[in-house]
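> Sequence and predicted model, in that order:
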Amino acid sequence: MGKDVEVAEHGHFSAKDYHDPPPTPLIDAVELTKWSFYRALIAEFIATLLFLYITVLTVIGYRSQTDQAHNGGDCEGVGILGIAWAFGGMIFILVYCTAGISGGHINPAVTFGLFLARKVSLIRAVMYMVAQCLGAICGVGLVKGFQKAYYMRSGGGANSLALGYSKGVGLGAEIIGTFVLVYTVFSATDPKRNARDSHVPVLAPLPIGFAVFMVHLATIPITGTGINPARSLGAAVIYNKDKAWDDHWIFWVGPFTGAALAALYHQYILRAAAIKALGSFRSNPHV
């Protein structure tokens, strides 16, 4: 009685060898009274600022070096591979640095997915998204302040749908790309995986960073790779040209849809949350 149970493959119930954290309350006003909450907001703000500063600098550096109108060459710069490494590498670094403080979201889509899975409260989710967007705007603002000429000439690192691709293709790329990222976040931080695969040393920020890297390799030619609404918003606000705002909705609808699908897939198919809840209900003799 009172023991955690799990539905086994053959229909019987067995004791868990791990413990899932309880669902976070939808509205947790107590958080607003804790310094740890505001410390987490600061961590998300600074992490997103640094993320945009380094990655947008990498993008405009590559574009300026390959700008043939200014003596650039096709083989100059870091290339798409280098840009993908910059995004994936920074996520690895920043998630590693902030995971113990804020969870290391650095992305409103990740926050949204974790909110749907009841990992964070509504208040924390909304405030994280605000901090992330402000951090992104400030990070790109620093890039423009330090290198305004290169910044404006190179398109400001803003996301846009590439020529030859339809809006549907761009939206699909953002949905699938964000699904890969958020699915990796859930899998890398799953307490069940941590308990049963403890013999495999998996550092959570590493697969998350690699997921960002791989998605950028696939989708940079299509949308420039958003998969992070704060990243897309920060670049669009500071660059503030028509091209940056054209089809901007794709970089919000796509990531949020992909995050929602990843949350549902992990929680209700891979983890079978509904089935386990039913099993727990049936196994309680006092119900």
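Cool, got the structure.

> count of neighbours near residue 112?
25 (other Cβ atoms under 10 Å). Every residue, glycine included, has its C-beta placed from N, CA and C.

> residues in contact with the residue lying closest to it once chain neighbours are set aside?
Leaving out its chain neighbours, the residue that sits closest to residue 112 by Cβ to Cβ, 6 or more residues apart in numbering is residue 259, at 4.9 Å. Residue 259 makes contact with 109-110, 112-113, 116, 178-179, 182, according to Cβ atoms under 8 Å, 6 or more residues apart in numbering.

> burial count for the nearest residue to residue 58 once chain neighbours are set aside?
Excluding the flanking residues, the one nearest residue 58 by Cβ to Cβ, 6+ apart is residue 86, at 4.0 Å. Using other Cβ under 10 Å, residue 86 has 23 neighbouring residues.

> Over to residue 66?
17.

> same thing with residue 36?
Neighbour count for residue 36, taken as other Cβ under 10 Å: 10.

> Sticking with it, tell me its helix or strand.
Element membership of residue 36 [criterion: DSSP states H and E] is helix 35-65.

> For the next helix or strand after that helix, which outside residues touch it?
Of the helices and strands lying after helix 35-65 in sequence (DSSP H and E), the nearest is helix 79-98. With contact meaning Cβ under 8 Å, 6+ apart, helix 79-98 is reached by 43-44, 47, 50-51, 54-55, 58-59, 62, 78, 104, 106, 203-206, 208-214, 216-217, 220-221, 225.

> Make a ChimeraX selection of the buried ones in those residues.
In ChimeraX syntax, the buried subset of the contacts of helix 79-98 is picked out as below (16 or more other Cβ atoms under 10 Å):
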select :43,44,47,50,51,54,55,58,59,62,78,104,106,204,205,208,209,211,212,213,214,216,217,220,225
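
> how about the residue nearest to residue 112, secondary structure?
helix (DSSP: H, G, I helix; E, B strand; the rest coil).

> if I look at it, how far off is residue 115?
9 Å (Cβ to Cβ, to the nearest Å).

> Let me see the contact set for residue 150.
Residue 150 touches 60-61, 64, counting by Cβ under 8 Å, 6+ apart.

> Residue 210 now?
With Cβ under 8 Å, 6+ apart, residue 210 has these contacts: 88, 92, 184.

> And the pLDDT at the nearest residue to residue 143 once chain neighbours are set aside?
Using Cβ to Cβ, 6+ apart and skipping residues adjacent in sequence, the residue nearest residue 143 is residue 56, 4.9 Å away. In this model, residue 56 is scored at 95, pLDDT.

> ditto for residue 146
92.

> What ranges in the stretch 151-287 of the chain fall below the confidence cut-off?
Applying pLDDT under 70 to the stretch 151-287 of the chain picks out residues 193-202, 273-287.

> mind listing the helices for it?
167-188, 191-196, 205-223, 229-239, 242-245, 250-265, 273-283 (DSSP state H, counting those that start in this stretch).

> got the CA coordinates for the fourth one in CSV?
The reference is to helix 229-239. The C-alpha atoms that make up helix 229-239 are tabulated as CSV, following Å, rounded to 0.1, in the frame of the first residue of the first chain:
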residue,chain,number,x,y,z
PRO,A,229,11.3,31.9,-30.7
ALA,A,230,13.5,34.1,-28.5
ARG,A,231,16.4,33.7,-30.9
SER,A,232,14.2,34.7,-33.9
LEU,A,233,12.5,37.5,-32.1
GLY,A,234,15.8,39.1,-30.8
ALA,A,235,17.3,39.1,-34.2
ALA,A,236,14.1,40.5,-35.8
VAL,A,237,13.6,43.3,-33.3
ILE,A,238,17.2,44.6,-33.6
TYR,A,239,17.5,44.2,-37.3
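
> orientation of that helix relative to helix 35-65 in degrees?
60 degrees (axes from the mean of the first three to the mean of the last three Cα atoms, to 10 degrees).

> quick one: helix 229-239 to chain centroid distance?
15 Å (Cα atoms, centre = their mean, to the nearest Å).

> between that helix and helix 205-223, what angle do the directions make?
50 degrees.

> Now do helix 229-239: everything it contacts.
In contact with helix 229-239 (Cβ under 8 Å, 6+ apart) are residues 48, 51-52, 55-56, 106-109, 129, 132-133, 135-141, 143-144, 151-152, 155-159, 226, 244-245, 248, 251-252, 255-256.

> Now, of those, which are buried?
48, 51-52, 55-56, 106-109, 129, 132-133, 135-141, 143-144, 151, 155-159, 226, 244, 248, 251-252, 255-256.
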